[in-house]
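Participant: dropping a prediction and its sequence here:
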Amino acid sequence: MKTKVKKWGINGEGIAFHEGKPVFIENAIPNEVIEFDIKSDEGTYLVGELTRLVEQSSKRRYPLCPIWKECGGCALMHVKYPAQCKMKEGNLKETLIKYADYNGRILPILKNPEPLSYRNSCKLPFGEEYGELYTGMYERDTNHFQKMERCYVHSKLLEQTRQEVLKIMNEHHLKMYDDKKKTGYRTLVMKEFDSKIQIIFVTGKEDLSEEFIHDVTQLEGVVSIWQSVKTETKREVFGDMRFIWGEEKMHLRLEDIQLSLLPRSFFQLNTKQSVNLYNVVKDWMPRSKTTVEAYSGIGAISLFVKDKAQEIIGVESIQDAVDNANENAMLNHADNVSFICEDAGSALAHLVQEKEVDTLIVDPPRSGLDDTMKETILKSKIKTMIYVSCNPATLAKDLGVLKKEYRIVKIQPVDMFSQTPHVETVCLMSRKQK
Ligand SMILES: C[S@@+](CC[C@H](N)C(=O)[O-])C[C@H]1O[C@@H](n2cnc3c(N)ncnc32)[C@H](O)[C@@H]1O
């Protein structure tokens, strides 16, 4: 069948229409004329497969990565960078209209200065082929494991080290995880900050030999090695954490803020753009008496805005991250900033009773704000809210609820995840005057 692609889908697919139903077609770009087959009928929509490009978009480019389609991690690898940014702005706008009934201004997206080689971390399962270990990922919605030769969005040092670590593992004839024996190597986790690398080997019941560790420590940039022993099937990648060698924590500097973090603690995966993101929050934040930062991770946002409030309380559910955040407050001489380990919604509910909280910053996971959080915000006297979101759909749905009491002042998309359809957004809100 032949059709013209009408618009972008949220996952970077093209959407066309066939007999009144939308057809989601991977690798198709709006305004292209294409031929496609129907892969499946999902009731309200169809899934199509592009079979031939009849008229190609000027926004299309040759994708750098040979496995971009199979991997699925970089669903926009075939789209020129300016057009990727336009796609994200457009999808954010459409989502805000759909769920929050907001059709106001959205600031132009803050572009990523490095659309390739920006990722500071990876978490990749091991596979084995002809007795050799490799890392890869499962193709989206399948059980097919795709080998990764080279990743173009990993930072250069991270990618170089990943390849060298694999070489050493194979020289030591290490094996992938065997679920029956509960031994072997499951996942390779690596983080790179300021040209220093931390490696976490997620394994079964495995003793890492001294010779193997010694060889890994010889790699340029490697400063920290951990092991995570995990024999259950649950999704969480970290099990029993064992510190093996070097520096326990990773250290990084963002402008004049110093941060350190343990392996379990979350940090944004694009270090340079996180500085630009945090500066938007800092610029938009008014002077405050008491600010709560919910979902505070290792405390980076609170420390960025530390001079704008008399007191800042960060709330985070991972104890390691809270410990790091409190140490980071000390490291940066921020006596007015402290962090507690609690569920963000429950903590806000009691903090607004105990203190005059006038400003709230939230940076929740992709699932957005839970009901307790939203109800507490609506009942509170919080004047200013800054919502940092990595998921336009949950952001828009949450704004749809919060608009009862808050008006949207400004919205700033930030491109943290180039080559992917994901977009980070900062939204400033102000409590309506009654
Ligand atoms: C998107 S990250 C934001 C971290 C931080 N703002 C930053 O920029 O590094 C979300 C954080 O929320 C934490 N989190 C998830 N659910 C939570 C909850 N119910 N209560 C408190 N923190 C939670 C996660 O552990 C994670 O550190």
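Facilitator: Ah, there it is.

Participant: okay, now the unreliable bits of the stretch 51-200 of the chain?
Facilitator: Scanning the stretch 51-200 of the chain for pLDDT under 70 picks out nothing.

Participant: try 90
Facilitator: Segments of the stretch 51-200 of the chain classed as low confidence (criterion: pLDDT under 90) are 67-73, 137-146.

Participant: show me the helices in it, by range?
Facilitator: 68-71, 81-100, 156-171 (DSSP state H, counting those that start in this stretch).

Participant: repeat that for the stretch 251-400 of the chain.
Facilitator: Secondary structure of the stretch 251-400 of the chain (DSSP H, counting those that start in this stretch): helices at 271-284, 300-304, 319-331, 344-354, 371-379, 392-402.

Participant: can you list these in CSV and add mean neighbour count and mean pLDDT?
Facilitator: Using the backbone N, CA and C atoms, a C-beta is placed for each residue, glycine as well. Compiled in CSV, the helices of the stretch 251-400 of the chain are given as follows (neighbours: other Cβ atoms under 10 Å; pLDDT from 0 to 100):
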stretch, mean neighbour count, mean pLDDT
helix 271-284, 19, 98
helix 300-304, 26, 98
helix 319-331, 20, 96
helix 344-354, 17, 97
helix 371-379, 17, 97
helix 392-402, 21, 98
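
Participant: now distance to the ligand too, for these, in a markdown table please.
Facilitator: Formatted as a markdown table, those follow (distance: least, Cβ to the nearest ligand atom, whole Å):
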| stretch | distance to the ligand |
| --- | --- |
| helix 271-284 | 6 |
| helix 300-304 | 5 |
| helix 319-331 | 5 |
| helix 344-354 | 4 |
| helix 371-379 | 8 |
| helix 392-402 | 11 |
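
Participant: and stretch 300-314, how far from the chain's centre?
Facilitator: The chain centroid and the centroid of stretch 300-314 are separated by 22 Å under Cα atoms, centre = their mean, to the nearest Å.

Participant: show me which residues of this protein sit near the ligand.
Facilitator: Within the chain, the residues that sit near the ligand (Cβ under 6 Å from any ligand atom) are 266-268, 295-297, 300-301, 315-318, 321, 343-344, 363-365, 390.

Participant: of all the helices of the stretch 51-200 of the chain, which one comes closest to T51?
Facilitator: Comparison of the helices of the stretch 51-200 of the chain against T51 by Cβ to Cβ identifies helix 68-71 as nearest, at 13.8 Å.

Participant: quick check: buried residues in stretch 184-197?
Facilitator: For stretch 184-197, a neighbour-count test (16 or more other Cβ atoms under 10 Å) marks G184, Y185, R186, T187, L188, V189, M190, K191, E192, F193, K196, I197 as buried.

Participant: nope, stretch 308-319 is what I was after
Facilitator: Neighbour-count burial for stretch 308-319, counted by 16+ other Cβ under 10 Å, picks out K308, A309, E311, I312, I313, G314, V315, E316, I318.

Participant: who touches the closest residue to M148 other than its chain neighbours in this structure?
Facilitator: Leaving aside its sequence neighbours, M148 sits nearest to G136 (Cβ to Cβ, 6 or more residues apart in numbering; 4.8 Å). Contact analysis of G136 by Cβ atoms under 8 Å, 6 or more residues apart in numbering lists L124, P125, G127, F145, Q146, K147, M148.

Participant: try 6 Å this time
Facilitator: Contact analysis of G136 by Cβ atoms under 6 Å, 6 or more residues apart in numbering lists G127, F145, Q146, K147, M148.

Participant: tell me how many other residues surround the first one.
Facilitator: It stands for G127. By other Cβ atoms under 10 Å, 17 other residues sit near G127.

Participant: how about the last one?
Facilitator: By the other Cβ under 10 Å criterion, the neighbourhood of M148 contains 22 residues.

Participant: out of the buried residues of stretch 308-319, which one sits closest to V202?
Facilitator: I318 (17.3 Å).

Participant: so what's the closest one up against?
Facilitator: By Cβ under 6 Å, 6+ apart, the contact set of I318 is R264.
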